[in-house]
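Asks: Return a 3D structure for these sequence lines:
(chains A and B)
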Amino acid sequence: MAPTSAAAKPAEKFPTPAKLTLTLFVNGVERKLTVAPWTTLLDALRQHLDLTGTKKGCDHGQCGACTVLVDGRRINSCLALAVMKDGAQVTTIEGLAQGATLHALQQAFIEHDAFQCGYCTPGQICSAAGLVAEGRAKTPDEIRELMSGNICRCGAYPNILAAIESVLAGKAEARS
Amino acid sequence: MNNFAYSRAADVAEAVRQIAADPGAKLIAGGTNLIDLMKENVARPTRLIDISRLPLSRIEETKDGGLRIGALVANSDVAYHPQVESRYPMLASAILAGASAQLRNMASTGGNLLQRTRCYYFYDTATPCNKREPGSGCAAVTGINRQHAILGTSQHCIATHPSDMCVALAALDARVRATGPGGERVIAFQDFHRLPGETPHIDTNLAADEIITAVELPPEGFARNYTYLKIRDRLSYAFALVSVAAALDLKDGRIQEARIALGGVAHKPWRDREAEARLKGEPATRDTFARTADAILRGARGFEHNAFKIELARRTILRALSQAAQATPQSQSDKRIAGPTTAENRSGRPQ
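Replies: Numbering: from 1, shown residues only, chains lettered A, B, ... in the order given. Okay, the predicted model is just below:
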């Protein structure tokens, strides 16, 4: 689409600004995309890059379904503008498995039956990946508190907690 | 969300020039509040000036032995910084009591100060709101006002400031460093946020063309006798009904200095310096703390759904001061309220 000059329609209070081209490194792959300034990272992933694993729940940063890792840190992609993340490394649920081998958290969520409808699960798993990397949660209370940004309407919390605990325990065992 | 243009600022001076030149523009850093407000059509900027890449992401010691937190340091990076954890644990605790891990990773220090109220009517563009649309009226005064203020309200606005971090910053007597077209200035934290008065649409004394560059903490962090106690409708990821940042300097059981800041009860973090000053030289006992709580809340006024907050605030101040005095600060992950669970504490009244 040809860029539309903002100056062409001076009478409009909210003119259509030029679209912007940016680069994201999504799950290790360089992706160039051209988006409007108001395109969120979530919409860029789902609608421009066809990565629909990341879910849109509330779209207001209250439910955590849209959680992805940006430069290794978990964030709500619904509250991030894609243009502001130009050049960033983005990891989505699609990027966690290594070929046919599931990520430890994906495997643990299956083994612990940590979901029912599954809609919040990509966000839960990406958030848990962020939590594990942060290294701040040691006790069940701390896991619960640091996962509180991910809501599960089915109420699978006890099993989500168990899945994350098992991965943290596995990590601790690997270290000892 | 309305259409808007997007630009980046190469340095602070350029950001100031851009914001000064365009009254319809807004600065964006973490975006956690602004983008939400834009999705609700409450904020309708014609341009966003991206300042997220400016070099304001450092935490460093100041000459006076305090700590300077760059305006773009993420909330999580402040809370988990070794100097903040060890010297200013009340600030770390307050930050971890707020929002979620994801939001704390995104939200900036400066943005936290500038976040808007979460009053339902401010967010609902179908209702009147003097903060969103000056002169339109306040739907909260006669509406659902469970979350609203009990101190410092005006007939025009009973909204609360939603931040937890700012409650601790208020208690610590932090300073806000800002740059505008006229140069740099330092604003005392107590002078940064405003009460609603006749102008509830103006949240802070920061000028429209000024940018926060840092928040500075004085050397005294009250790392021994402190707490941040937040009471809310669910145990995590909810705004405060009442929160209290309490810090004491104790010597032989007597109070040398006291700091008490309240969140969730006013248009700004609430401090009562007179009540704090009266604690000097007093013994750190429940009777003392009960008198202080009563003094702080003497002017409190409840509305239809939030009158309970006055008694809740009284008990929270009392418990917070006890936690601080006993050096048993509230954990933000273990949700049991710290401190002795005697009958006296359960009832909240000295017996």
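
Asks: which residues touch the helix or strand where A:Ala133 lies?
Replies: Using DSSP states H and E, A:Ala133 sits in helix A:121-134. Residues outside helix A:121-134 that contact it (C-beta atoms under 8 Å, 6 or more residues apart in numbering or on different chains): A:53-55, A:57, A:63-69, A:72-74, A:91-93, A:96, A:103, A:105-106, A:109, A:114-115, A:137, A:143, A:146-147, A:149-150, A:152, A:160, A:163-164, A:167-168, A:171, B:101-102, B:105. Yep, even glycine has a C-beta here, placed from its N, CA and C like the rest.

Asks: how far is that helix from where the chain is centred?
Replies: 8 Å (C-alpha atoms, centre = their mean, to the nearest Å).

Asks: Please spell out which residues along that helix are buried.
Replies: Residues of helix A:121-134 classed as buried by neighbour count (16 or more other C-beta atoms under 10 Å in any protein chain shown): A:121-132, A:134.

Asks: any idea of the mean pLDDT in stretch A:132-141?
Replies: Regarding stretch A:132-141, the rounded mean pLDDT is 97.

Asks: show me what contacts whatever residue of the stretch 251-351 of chain B ends up closest to chain A?
Replies: Residue nearest to chain A within the stretch 251-351 of chain B (C-beta to the nearest C-beta): B:Ser333, separated by 4.0 Å. By C-beta under 8 Å, 6+ apart, the residues touching B:Ser333 are A:139, A:141-142, A:144-146.

Asks: Show the pLDDT at the residue nearest to the spatial centre of chain B.
Replies: In chain B, the centroid-proximal residue (C-alpha atoms, centre = their mean) is B:Cys166; its distance is 2.7 Å. pLDDT recorded at B:Cys166 is 99.

Asks: what about the residue nearest to it when sequence neighbours are not counted, how many neighbours?
Replies: With sequence-adjacent residues excluded and distances taken as C-beta to C-beta, 6 or more residues apart in numbering or on different chains, B:Cys166 is closest to B:Pro269, at 5.1 Å. Under the neighbour criterion other C-beta atoms under 10 Å in any protein chain shown, B:Pro269 is assigned a count of 27.

Asks: One more: B:Ala277?
Replies: By the criterion of other C-beta under 10 Å, B:Ala277 has 10 neighbours.

Asks: re the thing from before, which two among the buried residues of helix A:121-134 are spaced furthest apart?
Replies: Farthest pair in the buried residues of helix A:121-134 (C-beta to C-beta) is A:Thr121 and A:Glu134. Separation: 20.0 Å.

Asks: Run the angle between the lengthiest helix in chain A and helix A:121-134 for me.
Replies: When chain A is parsed with DSSP state H, its longest helix is helix A:157-175. Per axes from the mean of the first three to the mean of the last three C-alpha atoms, to 10 degrees, the angle that helix A:157-175 makes with helix A:121-134 is 40 degrees.

Asks: for helix A:157-175, which positions count as buried?
Replies: Quick answer for helix A:157-175 (16+ other C-beta under 10 Å): A:159-168.

Asks: which helices and strands sit right next to whatever helix or strand comes next after the helix holding A:Ala133?
Replies: Heading C-terminal from helix A:121-134, the first helix or strand you meet, by DSSP H and E, is helix A:140-146. Under the contact criterion of 3 or more C-beta pairs under 8 Å, 6 or more residues apart in numbering or on different chains; DSSP states H and E, helix A:140-146 touches helix A:121-134, helix A:157-175.

Asks: worst average pLDDT in those?
Replies: Here the helices and strands packed on helix A:140-146 differ in mean pLDDT, and the lowest is helix A:157-175 at a mean of 93.
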